[in-house]
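# Provided below for reference: sequence and predicted model.
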Amino acid sequence: MQKITQNTLDSILLFLQDEVTKRGFTQVVVGLSGGIDSAVVVQLCNKALHGNIQALLMPSLSSSEASVDDSILLCETFGIHYTLMPIKDFDATFCNLYKDHTKLSRGNFCSRMRMATLYHVAQMEQRLVIGTSNKTEIMLGYGTIFGDLACAINPIGNLYKTQIYMLAELLGIPKQIINKAPSADLYHGQTDEEELGYNYNEIDLFLESYEAAKGDITKLRQYDKDMVETLHKRIQNNAFKQKMPTIFMDLKY
């Protein structure tokens, strides 16, 4: 796994400055969950845009108190402006209207309500929405389409999860955020690695090999057969999330 250096950090900061400016904006908005990915993105934006960032804390009914506490800790550590905009009423309405909901469907709904809130603030305050999904999540489809996967710019989408930890160290992200178990906080007690079935070190090494093999799993004999089949299937089944909607073009008159 390629190491993240100060040069990497500097290039990401320049990327953010250039891309925000190209779009005619000076300010951005980011959803802050209390996890390491959003913490890293918020601080990247803070450094790149000299504080012209709004962090939104959007807990649902099932969000842990620690998520909010860690989000506030990050903002207070770096002097970042934040607003608490809970989505608990949306969450409650969904649960009341759709009695047959599952944990996953409810989690996806809350993810989309957070993104709707981010885009509302973006429109009202002339800000760009910045994404917080890393390369590992994107490759595995571990995200909600039109939810947390939606954004105008993503500064960490080409970094594996393990590289996010390296970047977090460079940025001085508080240790209690770095050391906590990764979680999308979609429902109480949910953790990424338990849901995925493997830890991120194992997953990232596999994904790096998978990319090098261009998806040819016959070249991945060094990995456990079940792991290859499970992750390959997940990548294939979720590839659609990385594509723009297909538009019919072959018009005949």
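Now that the structure is in, tell me what you want to look at. Numbering: from 1, shown residues only.
# residue 230: how many residues sit nearby?
Using other C-beta atoms under 10 Å, residue 230 has 15 neighbouring residues. The C-beta positions use only the backbone N, C-alpha and C, and glycine is treated the same way.
# in the strand or helix carrying it, what's buried?
In this structure, residue 230 sits in helix 225-237 according to DSSP states H and E. Buried residues in helix 225-237, defined by neighbour count with 16 or more other C-beta atoms under 10 Å: 228, 231, 232, 234, 235.
# and if you look at stretch 67-80?
Across stretch 67-80, burial judged by 16+ other C-beta under 10 Å covers 67, 68, 70, 71, 72, 73, 74, 75, 78, 80.
# now the lengthiest helix in the chain: how far from the chain's centre is it?
What stands out as the longest helix in the chain, according to DSSP state H, is helix 103-125. Here the centre of helix 103-125 is set off from its chain's centre by 13 Å, with C-alpha atoms, centre = their mean, to the nearest Å.
# where does the protein dip in pLDDT?
Residues of the chain that meet the criterion pLDDT under 70 lie in 184-190.
# do a quick rundown of the helices in it.
With DSSP H as the criterion, the chain has helices at 6-22, 36-48, 65-78, 88-97, 103-125, 135-140, 161-171, 175-178, 192-196, 200-212, 225-237.
# compare those helices and give me the one nearest residue 219.
helix 200-212 (7.9 Å; C-beta to C-beta).
# quick one: list the elements packing against that closest one.
In terms of contacts (3 or more C-beta pairs under 8 Å, 6 or more residues apart in numbering; DSSP states H and E), helix 200-212 is packed against helix 135-140, helix 161-171, helix 192-196, helix 225-237.
# between the ones you listed, which gets nearest to residue 96?
For residue 96, the closest of the helices and strands packed on helix 200-212 is helix 192-196, at 26.2 Å, according to C-beta to C-beta.
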